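Colleague: could you work out the structure for the sequence below:
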Amino acid sequence: MNKFWHKKTFVRLLMLFCVGLGLTFLFQKINLQGRDLLEAFQRFSPEALVLMLGVTLVQMVFQVTRLWVLCPQAAGVSWAQAANTYVSGQFIGNFVLSQAGHAVKIALLRKDKDAKGRKIDAAEATAVILVDKVLDVGILVTLAVLSALQVSVGLPQVDWWEKGIIVLIGVPFLGIALWALQRSLRQRFPKLRQWLRKFKVGLAVIRNPLQIRNAAVMDLGDWFTECLLLQLLCMAQGHVLSLPQLLICLFILNLGLTVPTTMANLGTYEAALAFSLNGMGVPLAQSVVIATMFHAYQLFGLPVWMFIQKLSVRFSPKLNSAVPIPVTPERSKVTSK
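Modeller: Numbers count the residues shown, from 1 in each chain. Here you go, the predicted model:
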C-alpha cells in the first residue's frame with residue numbers, strides 16, 4: 001500500500017511539473033501579456049455572469065436527477081436525498097480528495113428501512129454510484145466520437161462518397177477497436193476484471209430498463225447544458241463554436257483530468273480546456289480566461305447550490321407540532337339492562 005501511494009504521488013507530481021513547464025514555454029513563445037487576460041475578463045457583463053450561473057444550476061439539476069432515477073424505486077429515495085448525496089460528494093471530491101467524494105456519496109445514499117421504502121446497503125449504494133459514473137463517461141465518449149465523425153464528414157474538401165466511406169468504415173472499426181481493447185485490458189489487469197464484475201452487479205441492482213433510459217436522457221441534458229455554458233463563455237469573448245466542437249473540447253478536458261494532480265484540478269483543468277479551445281481557433285488569452293471562468297462556475301456552483309438548499313429547508317413551510325390536532329372524543333358505550 002505504501003509503495004502504491006508513493007508511486008501515485010510521483011505520477012501526480014510529474015504530471016503537475018509537465019503541465020507547469022508546458023504552460024511556461026507556451027506563454028514565453030506567444031508572449032502572452034497580463035493585459036490581454038484583463039481585457040478578456042472585462043468582456044463579461046454582469047447579466048451574462050448571472051445567466052451562466054443559472055445554467056450551471058440547471059446542469060446540476062440534470063446531474064442530481066440522473067442519480068435519483070438510478071436509485072431502486074422500492075427504496076423510496078427522495079429527490080432531496082439524491083441532491084444532498086450528489087452535491088456533498090462532489091464538494092468533498094473537488095475541495096478535499098477526489099476518492100473521498102465517492103465514499104461520501106455511498107455513505108449518504110445508504111438508508112435503513114423506513115416508511116418510504118426498503119433498505120439500501122453499502123454494496124447496493126456503491127453499485128448505483130458506479131453505474132452513474134460509467135453511464136456519464138460512456139455517453140461523453142459516444143458524443144465525442146460522433147462529433148469527431150461529424151467534423152470529419154463536414155469538411156468541404158471531402159467528397160460525398162468519401163464521407164460515406166468514413167461513416168461506414170469508421171463506426172464498425174471503432175466498435176471493434178473498443179471491444180479488442182476492453183478484452184485485452186480485462187485479460188492483463190485483474191483489477192479491471194474486478195471492476196467489471198462490480199459494474200455487472202450494479203446493472204443487476206437496476207432491474208428496470210427504464211431507469212437506464214431515463215438516466216441516459218438526464219445525462220444528455222447534463223452534457224448539452226455544459227456545452228451551453230461553454231458556448232455562452234465563448235460568445236462573451238466574440239467566438240461561436242459548433243456543438244461538435246464544444247463536445248470535443250469537453251472530451252479533451254475530461255481526458256486531461258483522468259490523473260488528478262492538485263486540489264480541484266487547479267491548473268490542469270484550465271490547461272486542458274484552454275488547449276482544446278485554442279485548437280478550435282480561440283486565441284490563447286481568451287481560451288485561458290474562458291477555461292478559468294468555466295472551472296470557477298463548476299466549482300462555486302456547488303456552494304451556491306448548498307446555500308440555496310439550506311435556505312429552502314429553513315424557510316419551507318413546516319407542520320407546527322405545537323398546534324393541537326383536534327381529536328373527536330369517543331363516547332363510552334353504556335349498556336342498559
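
Colleague: helices of the chain, start to end?
Modeller: Listed in chain order, the helices of the chain (DSSP state H) span 2-30, 34-41, 46-70, 79-95, 98-109, 122-153, 160-188, 190-205, 209-236, 243-256, 268-279, 284-315.

Colleague: which other residues reach the third one?
Modeller: It stands for helix 46-70. Taking contacts as C-beta atoms under 8 Å, 6 or more residues apart in numbering, the residues outside helix 46-70 that touch it are 77, 79, 82-83, 85-87, 128-129, 131-132, 135-136, 206, 211-212, 214-215, 218-219, 221-222, 225-226, 228-229, 232-233, 236, 293, 297-298, 301-302, 304-305, 308. Where you see a C-beta, it was placed from the backbone N, CA and C, and this is true even at glycine.

Colleague: and it, average pLDDT?
Modeller: When pLDDT is averaged over helix 46-70, the result is 95.

Colleague: again, but for the shortest one
Modeller: Throughout helix 34-41, pLDDT has a mean value of 74.

Colleague: can I get the CA coordinates of it in PDB?
Modeller: Extracted in PDB, the C-alpha atoms of helix 34-41 (Å, rounded to 0.1, in the frame of the first residue of the first chain):
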ATOM      1  CA  GLY A  34      -1.400  40.100 -18.400                       C
ATOM      2  CA  ARG A  35      -3.100  43.000 -20.100                       C
ATOM      3  CA  ASP A  36      -4.700  40.600 -22.600                       C
ATOM      4  CA  LEU A  37      -6.100  38.500 -19.900                       C
ATOM      5  CA  LEU A  38      -7.500  41.500 -18.100                       C
ATOM      6  CA  GLU A  39      -9.200  42.800 -21.200                       C
ATOM      7  CA  ALA A  40     -10.700  39.300 -21.800                       C
ATOM      8  CA  PHE A  41     -12.100  39.300 -18.200                       C
END
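
Colleague: mind giving me the packing neighbours of that helix?
Modeller: helix 284-315 (3 or more C-beta pairs under 8 Å, 6 or more residues apart in numbering; DSSP states H and E).

Colleague: would you mark the buried spots in the helix it packs on?
Modeller: 284-295, 297-299, 301-302, 305 (16 or more other C-beta atoms under 10 Å).

Colleague: how close does residue 35 sit to residue 267?
Modeller: Look at residue 35 and residue 267: by C-beta to C-beta, to the nearest Å, they are 22 Å apart.

Colleague: okay, those two: which has more neighbours?
Modeller: Neighbour count, other C-beta atoms under 10 Å: between residue 35 and residue 267, residue 267 has more, with 15 against 9.

Colleague: phi, psi for the more buried one please.
Modeller: Main-chain torsions, residue 267, degrees, to the nearest 10: phi 90, psi -50.

Colleague: from residue 244, how far off is it?
Modeller: Per C-beta to C-beta, residue 267 is found 27 Å from residue 244.

Colleague: please apply the same query to residue 272.
Modeller: 18 Å.

Colleague: which pLDDT value belongs to residue 217?
Modeller: At residue 217, the pLDDT value in this model is 95.

Colleague: please apply the same query to residue 241.
Modeller: On the pLDDT scale, residue 241 is placed at 91.

Colleague: ok, it touching residue 232?
Modeller: No: look at residue 241 against residue 232 with C-beta atoms under 8 Å: they stay out of range, at 11.1 Å.

Colleague: what is the end-to-end distance of stretch 271-290?
Modeller: 11 Å (C-alpha to C-alpha, to the nearest Å).

Colleague: now that stretch: mean pLDDT?
Modeller: The average pLDDT for stretch 271-290 rounds to 88.

Colleague: stretch 129-136 now?
Modeller: pLDDT averaged over stretch 129-136 gives 88.

Colleague: before we move on, back to that, just the buried residues of the contacts of helix 46-70.
Modeller: Here, 16+ other C-beta under 10 Å leaves 77, 82-83, 85-87, 128-129, 131-132, 135-136, 206, 211, 214-215, 218-219, 221-222, 225-226, 228-229, 232-233, 236, 293, 297-298, 301-302, 305 buried among the contacts of helix 46-70.
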